[in-house]
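**Q** The following block contains a protein sequence and its predicted model.
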Amino acid sequence: MLRGLVAGVLYYSTAFQAQSGELKWQPIDQYTAALRNAVFKTSSGAEIKFTAVRFHLGYTRLKLAGTSETVAAGRDVKDGIAKFVVNGEQRAELLSYSLEGVLGHSKDKPLFIAPAGWAAGQRRPDQIGLLRINGRQLYPLVNKPTFSAIFCLHDSEHYKGYDAVVPVLFTSNDITSLNARAGKCRDAVQVGPRIIEEGGKRGISESELKTERYQRVVFFVDDPNRNDWPAKSRESARNGYVLLTHNKVHLYDLQALLLDKEIYAGGSPHWAVNLAGDDQAGLILNNGNEPDMFDNTLATVGSALIIERRPD
């Protein structure tokens, strides 16, 4: 039996049954929740160990941070070492181009931080693929099959008048063919593969089971079925999610979890995309006195996805 907690305008399940047993969403506040160290088993027996966070997109906002710029913080940097002067003394800092490095140099307190895309190497935080922040392109589009998606954090051009963040998933071809909406997105990152297509349709075929398994970080949104609110109001916005797998999984099996309506607590799947994986997979929850670090939070990443509370 499903038990729930109504907090403000957002409904969160405190306990629900999945194929592997009981999963417990823990409310952080009335618009965010976390599911730590959970386990899900698919109908075929594949086991997925994961931690996930959920956030109401009418009461939170999404930001991209280029790791190099954020961690350097305006200082002179050479070979990963920043030099600066404090009280007349020369100092040096070996920079960490990681989720923890981004957290340590963030001006505002983020709720959650996840990797967004791929870095070129452990000491090379250059982003692989398109990265655009505040309308400025830091890295260009790459032509790679697995980088099949452009994750636009907020499609403000198309969703004018909406009092909420509206993330949209474009295909990489949308950029190359100069799709007007994709080209105007001020904050976008090239990621992939696409796991669930818009409308809750499967994006991964069974043939993926023949490939290697990896740890994964996934971003997805739901259809929350909040039909009693005005369409453009902040209360009617979708929920966003970030999920980190603690074990190596197939995307085909992960798709089964993301298509299971139980995880949406009354809503339905809408779309999902792979953000990062392998040794760059990590997640930071920063809602308490001390942040909770999950997995590879010290690995070099090219950019980070930051979820913050909306200030108003």
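**A** Structure received.
**Q** wait, residue 250 sits on residue 216?
**A** No: Residue 250 sits out of contact with residue 216 when judged by C-beta atoms under 8 Å, with a separation of 9.4 Å. (Each C-beta comes from the backbone N, C-alpha and C, glycine too.)
**Q** and the host helix or strand of residue 51, average pLDDT?
**A** Secondary structure assignment for residue 51, by DSSP states H and E: strand 47-56. Taken as a whole, strand 47-56 has a mean pLDDT of 97.
**Q** Walk me through which strands that strand pairs with, and which way each runs.
**A** Using DSSP bridges, the strands paired with strand 47-56 in its sheet are strand 32-41 (antiparallel), strand 239-245 (antiparallel).
**Q** and the last one, how far out from the chain's middle?
**A** Averaging C-alpha coordinates over strand 239-245 and over its chain gives two centres that are 6 Å apart (C-alpha atoms, centre = their mean, to the nearest Å).
**Q** List the buried residues in stretch 191-206.
**A** Applying a neighbour-count criterion of 16 or more other C-beta atoms under 10 Å, one finds 191-192, 194-197, 200, 203-204 buried in stretch 191-206.
**Q** what about the nearest residue to residue 215 once chain neighbours are set aside, distance to residue 218?
**A** Spatially, and ignoring its direct neighbours in sequence, residue 215 is nearest to residue 281 (4.0 Å; C-beta to C-beta, 6 or more residues apart in numbering). If you measure residue 281 against residue 218 using C-beta to C-beta, to the nearest Å, the figure is 10 Å.
**Q** who touches both of those two?
**A** Between them, residue 281 and residue 218 share these contacting residues under C-beta atoms under 8 Å, 6 or more residues apart in numbering: residue 245.
**Q** how about the strands paired with strand 47-56, which one is nearest residue 154?
**A** Closest to residue 154 of the strands paired with strand 47-56 is strand 239-245 (C-beta to C-beta; 11.0 Å).
**Q** quick check: mean pLDDT across the closest one?
**A** In the prediction, strand 239-245 has an average pLDDT of 98.
**Q** Near the residue lying closest to residue 292 once chain neighbours are set aside, how many other residues are there?
**A** Counting by C-beta to C-beta, 6+ apart, residue 285 is the residue found nearest to residue 292 once chain neighbours are left out, at 4.2 Å. Counted with other C-beta atoms under 10 Å, residues neighbouring residue 285 total 21.
**Q** cool, the one 3 residues further on as well?
**A** Summarising burial for residue 288: neighbours were counted as other C-beta under 10 Å, giving 8.
**Q** Which pLDDT value belongs to it?
**A** For residue 288, the model assigns a pLDDT of 77.
**Q** just residue 138 next, same as before
**A** 96.
**Q** can you check the one 5 residues further on too?
**A** pLDDT for residue 143: 90.
**Q** Assign it to helix, strand or coil.
**A** coil (DSSP: H, G, I helix; E, B strand; the rest coil).
**Q** How much space separates it from residue 192?
**A** Spatial separation of residue 143 from residue 192 under the definition C-beta to C-beta is 12 Å.
**Q** what sits in contact with each of those two?
**A** Residues touching both residue 143 and residue 192 (C-beta under 8 Å, 6+ apart) are residue 172.
**Q** ok, what's across the strand from residue 216?
**A** The bridge-partner assignment for residue 216, based on DSSP bridges, gives residue 277.
**Q** Surely it and residue 247 touch.
**A** No: with the criterion set as C-beta under 8 Å, residue 216 and residue 247 do not qualify as a contacting pair; they are 9.7 Å apart.
**Q** quick one, which of those two is more surrounded?
**A** Neighbour count, other C-beta under 10 Å: between residue 216 and residue 247, residue 216 has more, with 23 against 14.
**Q** quick one, what contacts the more buried one?
**A** By C-beta under 8 Å, 6+ apart, the contact set of residue 216 is 243-245, 249, 251, 254, 274, 276-277, 281.
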